[in-house]
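K.L.:
Predicted coordinates and the sequence they were generated for:
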Amino acid sequence: MKSFAKSASAVLVAGVLAVGSMSSQALAADGFNAENVKGTITYYTNRTDLVENGTFKRYEEEFKKLYPNVTEVKVVPFADYQGGVRPRMNTGDYGDVVLILPSVPSNQYANFYEPLNSMYGKDDIYFYDAWKDGDSIYGVSMGNSVEGLVYNKNVFKEAGVETPIKTLSDFYAACDKIKALNKIPLYVNFGAQWPLQQFDKLPLVIEGNDQVYEKMLNQAKPFSDPESAYYKSLKFLKTLIDKKYVEPDLMTNSWEDSKNAIAKGQAAMYYLGNWVVPQVIERGAKTEDIGFMPIPADDSGVLKAQMNHDWGYAVSKFSKNKDTAKAYLKFLLETSDFDKVAGFIPTVKSRTPALAQLNEYLSYNPEIIQSPVNSAKFIEVTNRSKIDFYSGGYIQDVMTADSFEQALEKLDARWNRAKQRVNK
């Protein structure tokens, strides 16, 4: 999400068309020898829908036009990717282009995946370090998303709200204006529970860096200290609820209805990732009527944005056609329209997002914070504390407790007990 001024697609296509006049040494910069891009490869994917609707068949034909010596790209879909692929991992037979399983520890990447350092440098792609071990990178994100305010432009116009909203005070003022129209300012989907995970993400934006979670390992009161990022995040949600800026029926799961409400202008905003934009448009909203911007976290006027990666592409260590596998991986990232189909921010920094709302978001020049990889210690403390981060359950409990402050103090106690056990 930093600079998307140039598109790499035309550059790649031009390079491929010129293969005949280029040496194999020159092509080595791409991580593969184009002369060896031939034969058959297998791609294991989680996107069963794109197999069913013919998208991957179209990609195969486009790829074969670039590399006429490629015979076939077999695409094998798994609805439960981890469950389907994990049993194959110790056989060496799990395709050529694959997705890195979250259950594989980074210190075992070299046992299963091929290093990809020759394909991309740190300045070329987002989340360069996400699947790294030692000096080697083994995965490249298939695409990325950002968190922010998805909003109905017509409601904003009717309420007299200008964009972007740069401060927390202006955000609350906007909610007041929208509420005065008898519309829901921000649909948080409290009853659906899982959308409340946004308030596990907001601390990253509030803190302004990727160390917010690791910092909790050294904080005495990471939840109840009014200066802590988690306190500010949960207090923000509490304020929204107390001021009735959210849906009136909190306990009913109205996730599907909420998309209709945003699309039809009965509600103004979501705080979610860009992935929800196409879903709102599918409910009848005109594309040009839906906007997307960063969420303000304080009154500084400086906008910050959290970026998340999706699954990581990899090449199997046991692939017998690694050059073709690497070429296909590069094709998916730089030439195909997969980022548009999936609503992603492209992983290759030089590519421009296809989703208009993402370009609006980026035009506000937010400071980008890439979601970190949690340390083993943080994960262990989390597991021992039994605080269900990113599920919304504990947040529901805090918001419905008789005392907000006491509920946060109880979270601190659970967290600190877990830290003590881990530190023994």
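P.N.:
Everything's here; your move.

K.L.:
And the residue nearest to W415 when sequence neighbours are not counted, how close does it get to N374?
P.N.:
Leaving aside its chain neighbours, W415 sits nearest to S385 (5.1 Å; criterion: C-beta to C-beta, 6 or more residues apart in numbering). Yep, even glycine has a C-beta here, placed from its N, CA and C like the rest. S385 sits at a distance of 13 Å from N374 (criterion: C-beta to C-beta, to the nearest Å).

K.L.:
neighbour count winner among the two?
P.N.:
Set side by side, S385 and N374 show more neighbours around S385, with 20 against 14, by other C-beta atoms under 10 Å.

K.L.:
related to what we said a few turns ago, so the residue nearest to W415 makes contact with R414?
P.N.:
Yes: contact criterion C-beta atoms under 8 Å: S385 and R414 qualify, at 4.8 Å.

K.L.:
Which residues lie in contact with the residue nearest to W415 in this structure?
P.N.:
Residues in contact with S385 (C-beta atoms under 8 Å, 6 or more residues apart in numbering) are R414, W415, R417, A418.

K.L.:
can you check I241 too?
P.N.:
Counted by C-beta under 8 Å, 6+ apart, I241 has contacts V188, F190, L250, M399.

K.L.:
Confirm that it sits in a helix.
P.N.:
Yes: assigned with DSSP: H, G, I helix; E, B strand; the rest coil, I241 falls within a helix.

K.L.:
Please convert the buried members of the contacts of I241 into ChimeraX selection syntax.
P.N.:
The ChimeraX selection below is limited to those of these classed as buried (16 or more other C-beta atoms under 10 Å):
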select :188,190,399
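
K.L.:
Redo the contacts of I241 as a markdown table? Include pLDDT.
P.N.:
Shown next, in a markdown table, are the contacts of I241 (pLDDT from 0 to 100):
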| residue | pLDDT |
| --- | --- |
| V188 | 98 |
| F190 | 98 |
| L250 | 97 |
| M399 | 98 |
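
K.L.:
Please flag which of the contacts of I241 sit within helices.
P.N.:
M399 (DSSP state H).

K.L.:
now, among the contacts of I241, which is nearest to T239?
P.N.:
Nearest to T239, judged by C-beta to C-beta, of the contacts of I241 is M399 at 10.9 Å.

K.L.:
Looks like that closest one contacts K238 (just checking).
P.N.:
Yes: between M399 and K238 there is a contact at 6.3 Å, judged by C-beta under 8 Å.

K.L.:
how about the strands of the chain, start to end?
P.N.:
Taking DSSP state E as the criterion, the chain carries its strands at 39-45, 70-77, 97-99, 132-133, 136-137, 140-141, 144-152, 184-186, 267-273, 290-293, 304-309, 312-315, 367-370.

K.L.:
can you list these in JSON lines and add distance to F199, mean pLDDT and mean neighbour count?
P.N.:
Listed next are those as JSON lines, based on distance: least, C-beta to C-beta, whole Å; pLDDT from 0 to 100; neighbours: other C-beta atoms under 10 Å:
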{"stretch": "strand 39-45", "distance to F199": "32", "mean pLDDT": "98", "mean neighbour count": "20"}
{"stretch": "strand 70-77", "distance to F199": "33", "mean pLDDT": "98", "mean neighbour count": "16"}
{"stretch": "strand 97-99", "distance to F199": "28", "mean pLDDT": "98", "mean neighbour count": "25"}
{"stretch": "strand 132-133", "distance to F199": "29", "mean pLDDT": "93", "mean neighbour count": "16"}
{"stretch": "strand 136-137", "distance to F199": "32", "mean pLDDT": "97", "mean neighbour count": "20"}
{"stretch": "strand 140-141", "distance to F199": "24", "mean pLDDT": "98", "mean neighbour count": "26"}
{"stretch": "strand 144-152", "distance to F199": "11", "mean pLDDT": "97", "mean neighbour count": "24"}
{"stretch": "strand 184-186", "distance to F199": "12", "mean pLDDT": "98", "mean neighbour count": "24"}
{"stretch": "strand 267-273", "distance to F199": "9", "mean pLDDT": "97", "mean neighbour count": "25"}
{"stretch": "strand 290-293", "distance to F199": "18", "mean pLDDT": "98", "mean neighbour count": "22"}
{"stretch": "strand 304-309", "distance to F199": "12", "mean pLDDT": "94", "mean neighbour count": "22"}
{"stretch": "strand 312-315", "distance to F199": "26", "mean pLDDT": "98", "mean neighbour count": "27"}
{"stretch": "strand 367-370", "distance to F199": "16", "mean pLDDT": "94", "mean neighbour count": "17"}
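
K.L.:
So which of those strands is nearest P115?
P.N.:
strand 136-137 (4.1 Å).

K.L.:
From Y271, how far out is the residue positioned nearest the centre of the chain?
P.N.:
The geometric centre of the chain, computed from its C-alpha atoms, lies nearest to N308 (C-alpha atoms, centre = their mean), at 3.1 Å. Distance of N308 to Y271, given as C-beta to C-beta: 14 Å.

K.L.:
Check L202 too.
P.N.:
Taken as C-beta to C-beta, the span from L202 to Y271 is 8 Å.
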